[in-house]
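Participant: I would like to see how this sequence folds:
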Amino acid sequence: MADRKPITSWLTDMDGVLIHEGTPIPGADAFIKRLRDSGLPFLVLTNNSIYTARDLHARLARMGLDVPVKNIWTSALATAQFLDDQRPGGTAYVIGEAGLTTALHDIGYVLTDHAPDYVVLGETRTYSFEALTKAIRLINAGARFICTNPDETGPSAEGPLPATGAVAALITKATGKKPYFAGKPNPLMMRTGLNAIGAHSETSAMIGDRMDTDVLAGLEAGMQTFLVLTGLTGVADIDRYPFRPSHVVDSIADLVDLIDLPDQADRP
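Facilitator: Below you'll find the predicted structure:
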C-alpha cells in the first residue's frame, strides 16, 4: 500500500461502531473524548434519516457520548444539501420522519403532494400503503425519485427491519424508475460532510462496520478506511467483496491511540 498522509480528520459511522442497540460499544466514549481533546475535525455519520442532528446529540448524550450537533451528519442532511444544490427552493412529497422533513424545511423546500419536483423517500417505522401509492403516482406523473439511503434492512432488538432500500425497490418495481440515493455508499455524502468540516479526503479516515456502505463510501471518496468487527461484517465476510478496507480492527477502542493530540509543549 502506498504511503498515506497523516490522518488529520475522522469520519465514523454510528450504529455498529459507537453504539449497538442503544448501548455504547466499549471504547466509544474514549474515542469521542480523544477526538474532542485533539481539536481535529470529525463527523459522526448515519444513514438513518429518522432523527435530526439535535435528536441524535441528545440520544448519544444519554449514553455518555458527547458529540456536538455540528459534528453529526445524516443521510437526511446530505439529501437536503444535494437538493439545495440541484434545485434551490423546490418542492417535494416526502415519506419520512422529522430528521428528513426538518432538513428540507431548513433549505426552504415546500412539502406538498401537488405536482412536486421530487418524491423523497426516507426512513420511517410507519410506511403506509396510502403514502406509497401516492408516491408511485407522483413519480409516474413526472416527479423525480430521490432516496436518502439504500440500506435494505436496519437493526432492532427483535431482529432486522425492512429499511429504506427495500421500500425503494417496491416503488421502483411499480414505476420502473430507480431512485438517486444520497446516503452511503454514495461518496457525495462523504464529500459534503468533509466540506462541512473543512477537511480533505487524502488526510481523512472513515470508520465503519459495513463493507457495502461505510468502507465502499470511504474508498470511493479517496479516504483511508477502517473496518471494525463490532457490527454487521465479520472477518469471513471481507473476502466476499471485490475491495478491501485499508485496515481491519476489532473495535473502536483499537483506534483511540491513533488520534494525535496536540503537542504538550505547544500548549500555554
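Participant: ok, now which ones touch Glu220?
Facilitator: Pro185, Pro187, Met190 (CB atoms under 8 Å, 6 or more residues apart in numbering). Just so you know, the C-beta spots here come from the backbone N, C-alpha and C atoms, and that holds for glycine as well.
Participant: Skipping adjacent residues, who's closest to the last one in space?
Facilitator: Leaving out its chain neighbours, the residue that sits closest to Met190 by CB to CB, 6 or more residues apart in numbering is Ala221, at 3.8 Å.
Participant: for the helix or strand bottoming out on mean pLDDT in the chain, the distance to its chain's centre please.
Facilitator: When each helix and strand of the chain is scored by mean pLDDT, DSSP states H and E, strand 153-154 comes last, with a mean of 80. How far strand 153-154 lies from its chain's middle: 13 Å, per CA atoms, centre = their mean, to the nearest Å.
Participant: what does stretch 227-247 give?
Facilitator: That offset, for stretch 227-247, works out to 18 Å (CA atoms, centre = their mean).
Participant: Same check on stretch 100-116?
Facilitator: The answer for stretch 100-116 is 20 Å, by CA atoms, centre = their mean.
Participant: Pull the residues that contact it.
Facilitator: By CB under 8 Å, 6+ apart, stretch 100-116 touches 49-50, 52, 74, 76-77, 79-81, 83-84, 88-94, 120, 122-123, 134, 138, 141-143, 148.
Participant: Now with 7 Å, please.
Facilitator: 49, 52, 76-77, 79-80, 83-84, 89-94, 120, 122, 134, 138, 143, 148 (CB atoms under 7 Å, 6 or more residues apart in numbering).
Participant: What lies in contact with stretch 234-244?
Facilitator: Met211, Leu216, Leu219, Leu229, Val248.
Participant: which among these gets closest to Phe129?
Facilitator: Leu216 (32.6 Å; CB to CB).
Participant: where's that closest one, which helix or strand?
Facilitator: helix 216-220 (DSSP states H and E).
Participant: before we move on, what about Thr225?
Facilitator: Judged by DSSP H and E, Thr225 forms part of strand 224-228.
Participant: Can you dump the C-alpha atoms of that strand in CSV for me?
Facilitator: Presented in CSV, the C-alpha positions along strand 224-228 are these (Å, rounded to 0.1, in the frame of the first residue of the first chain):
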residue,chain,number,x,y,z
GLN,A,224,-8.3,5.6,4.4
THR,A,225,-10.9,3.1,5.7
PHE,A,226,-11.1,1.2,9.0
LEU,A,227,-13.5,-1.8,9.3
VAL,A,228,-14.5,-2.6,12.9
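Participant: next structured bit after that strand?
Facilitator: Counting by DSSP H and E, the next helix or strand C-terminal to strand 224-228 is helix 235-238.
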